[in-house]
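Peer 1: Structural data only, the sequence is not supplied:
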């Protein structure tokens with residue numbers, strides 16, 4: 001094939017491409033014109049629907065009131081993370097479906113309006129070991145585990161959680177969240193676990209405090225004996241009773257460190273699901289489209305009208321085919 005024929009073929013191909021592009025643009029423009037014509041034909045109905053929807057949305061939004069959120073922070077213990085997640089999801093379902101008995105138990109008025117309950121872990125990556133980080137990374141990238149199971153697996157690695165209640169301003173969120181927390185605590189297994197754990201901690205604390213007191217008494221008596229005999233050495237060693245004060249003091253420090261750890265554990269586990277902060281109502285910064293009912297309701301009415309017209313057209317064409 002000559003160079004001249006190649007050039008002609010390329011010009012034909014480019015010409016076909018431009019014609020196709022022109023037809024595509026023309027088709028899109030015609031669709032736009034048809035849509036505008038359709039809107040003009042149904043302008044009165046659409047305006048009426050928008051006005052009605054805006055009025056309904058305004059009153060619904062006014063009735064529900066401005067939504068705020070209250071975040072309660074709790075500390076899970078005894079491996080109860082999965083239990084807490086499942087329980088919050090169950091309570092959230094009951095609130096969303098207006099379960100009368102559940103709402104009454106939680107102190108939520110039946111006319112409270114829109115409420116939403118959710119739970120999120122407070123992530124602290126610094127407490128993870130390298131092995132844990134590697135494991136969680138493999139879990140997150142796995143295609144064999146569904147998202148719900150992944151969430152449960154991640155939940156086990158966190159101790160602190162935010163229980164978030166989205167509610168109208170008029171609602172007493174502190175009372176509701178307290179009732180939710182009491183309902184979570186009402187678990188015989190974890191209550192018994194907590195009582196046994198507290199009993200063990202108290203006994204261990206008493207034993208360590210007694211041991212420290214005995215060590216202090218021993219060191220004090222030894223020091224008095226050294227002063228009387230006027231025998232001081234860099235190693236604090238007395239050959240008469242083979243007491244090495246360096247080792248004794250080191251052991252005392254270890255017991256003291258363990259005692260401090262036991263104190264912290266007693267505070268953290270004084271009760272099942274320790275309340276860290278009850279929280280106060282704050283503004284919701286990220287609001288979904290469902291919050292703006294004055295926009296959502298008219299949009300749904302217009303889309304519903306379009307859907308009705310399309311359905312009628314389809315039925316008419318189906319009847320013609322018959």
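Peer 2: Ah, there it is. Being a predicted model, the structure only gives us computed values, none of them experimental.

Peer 1: what about residue 194, how many neighbours?
Peer 2: By other Cβ atoms under 10 Å, 21 other residues sit near residue 194. Yep, even glycine has a C-beta here, placed from its N, CA and C like the rest.

Peer 1: where does it fall, helix, sheet strand or coil?
Peer 2: Assigned with DSSP: H, G, I helix; E, B strand; the rest coil, residue 194 falls in the helix class.

Peer 1: Skipping its backbone neighbours, what lies nearest it in space?
Peer 2: residue 272 (4.3 Å; Cβ to Cβ, 6 or more residues apart in numbering).

Peer 1: try residue 58
Peer 2: Closest to residue 58 by Cβ to Cβ, 6+ apart is residue 294, at 5.1 Å.

Peer 1: For the one you found, grab the count of nearby residues.
Peer 2: Every residue meeting other Cβ under 10 Å relative to residue 294 is counted, giving 17.

Peer 1: Tell me the confidence at it?
Peer 2: On pLDDT, residue 294 comes in at 76.

Peer 1: returning to that earlier point: is it true that the residue nearest to residue 194 lies in a helix?
Peer 2: No. Read with three-state DSSP, residue 272 is coil and lies in no helix.

Peer 1: Next, it: phi, psi?
Peer 2: Torsion angles at residue 272 (phi, psi; degrees, to the nearest 10) stand at phi -70, psi 130.

Peer 1: Do I have it right that it meets residue 190?
Peer 2: Yes. Between residue 272 and residue 190 there is a contact under Cβ atoms under 8 Å: 4.8 Å.

Peer 1: what is in contact with those two at once?
Peer 2: 78, 80 (Cβ atoms under 8 Å, 6 or more residues apart in numbering).

Peer 1: Make sure the residue nearest to residue 58 is indeed in a helix.
Peer 2: Yes. Per three-state DSSP, residue 294 lies within a helix segment.

Peer 1: residue contacts, residue 115?
Peer 2: 95, 108, 165-168, 171.

Peer 1: And it, how far from residue 91?
Peer 2: 11 Å (Cβ to Cβ, to the nearest Å).

Peer 1: What average pLDDT does whichever helix or strand residue 35 is part of get?
Peer 2: Here residue 35, judged by DSSP states H and E, is contained in helix 3-41. Confidence over helix 3-41 (mean pLDDT, whole number) is 72.

Peer 1: Whichever helix or strand comes after it packs against which elements?
Peer 2: Scanning forward in sequence from helix 3-41 by DSSP H and E, the next helix or strand is helix 43-64. Applying 3 or more Cβ pairs under 8 Å, 6 or more residues apart in numbering; DSSP states H and E, one finds that helix 43-64 contacts helix 293-321.

Peer 1: Could you verify that residue 249 is part of a helix?
Peer 2: Yes. According to three-state DSSP, residue 249 belongs to a helix.

Peer 1: Tell me who's in contact with it.
Peer 2: Taking Cβ under 8 Å, 6+ apart, we find residue 249 in contact with residue 219.

Peer 1: what's the neighbour count on residue 318?
Peer 2: Counted with other Cβ under 10 Å, residue 318 comes out at 9.

Peer 1: and what of residue 49?
Peer 2: Residue 49, neighbours per other Cβ under 10 Å, totals 20.

Peer 1: what's it in contact with, if anything?
Peer 2: Here residue 49 is in contact with 298, 301-302, 305 (Cβ under 8 Å, 6+ apart).

Peer 1: Go again with 10 Å.
Peer 2: 42, 297-305 (Cβ atoms under 10 Å, 6 or more residues apart in numbering).

Peer 1: returning to what we had before: and the contacts of residue 115, which of them are in helices?
Peer 2: residue 95 (DSSP state H).

Peer 1: Can you tell me which of the contacts of residue 115 is closest to residue 73?
Peer 2: residue 165 (12.5 Å; Cβ to Cβ).
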